[in-house]
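Q: This is a predicted model, with the sequence first.
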Amino acid sequence: MYQSLLSDSRFHELLLACDRDLAAAARIAGCPQCNGTVHSANYWRKPRGRGCAVGAEHDRRFSFCCAVDGCRSRLTPPSLRFLGRKVYLAAVVVLVSMLQHNVTERRLWRLSEAVAVDRRTVLRWRLWWRRDFRASAFWQLARARLMPPVDEARLPAALIERFRGEGVERLMALLRFIAPLTGGTVHAR
Ligand SMILES: [Zn+2]
């Protein structure tokens, strides 16, 4: 089911629409350093893991630059598509990592093959959830809001289980939840 999601252009349109909203909110909020006006300073990425053709706009990472002289800070809003500097789409990082915990090895590797993720990358992601994600300032704050505590050895599967709805709704909810991790200067409150 998740495999078909990655090949569904409507799913990618949904991610892009969410990123547009997050970018619009960041623009309105202005520069987090000086409250100045920000200008668009988008850049291009080449995310891997999509199973269908989409327009070029899907590869654009929304970003802003403060217009105030002497500040010029870069503000990169949260994103549901890009997870930090990872080459693969955030959805792929989540799905492949999650499947390690609750499906058979065979199904995991079928998905890995479908999105062309090699075994070493999957192992690196596993380490990222266990070490970097858990140590992040975002997670240190966020986990305190989750009761009962999330079984951190089972991230991200243990986290997605906390959201309601069908597969796609849960996935979107999780991506939205962890989106503050992906912003350059925006931090979780
Ligand atoms: Zn500024």
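A: Thanks, I have it.
Q: quick one: pLDDT of residue 113?
A: At residue 113, the model reports a pLDDT of 73.
Q: Could you list which residues are in contact with residue 149?
A: By C-beta atoms under 8 Å, 6 or more residues apart in numbering, the contact set of residue 149 is residue 143. The way it works is simple: take the backbone N, C-alpha and C, and place the C-beta from them, glycine included.
Q: Would you mind measuring from it to residue 129?
A: Going from residue 149 to residue 129 by C-beta to C-beta, to the nearest Å gives 16 Å.
Q: Please apply the same query to residue 6.
A: As defined by C-beta to C-beta, residue 6 lies at a distance of 19 Å from residue 129.
Q: Please identify which of the two sits among more neighbours.
A: Shown here are residue 6 and residue 129; by other C-beta atoms under 10 Å, residue 129 has more neighbours (22 against 19).
Q: For the more buried one, which non-adjacent residue is closest in space?
A: Closest residue to residue 129 apart from its sequence neighbours, by C-beta to C-beta, 6 or more residues apart in numbering: residue 155 at 4.4 Å.
Q: That neighbour touches residue 134, doesn't it?
A: Yes. Look at residue 155 against residue 134 with C-beta atoms under 8 Å: they come within range, at 7.2 Å.
Q: quick one: least confident helix or strand in this protein?
A: When each helix and strand of the chain is scored by mean pLDDT, DSSP states H and E, helix 105-114 comes last, with a mean of 69.
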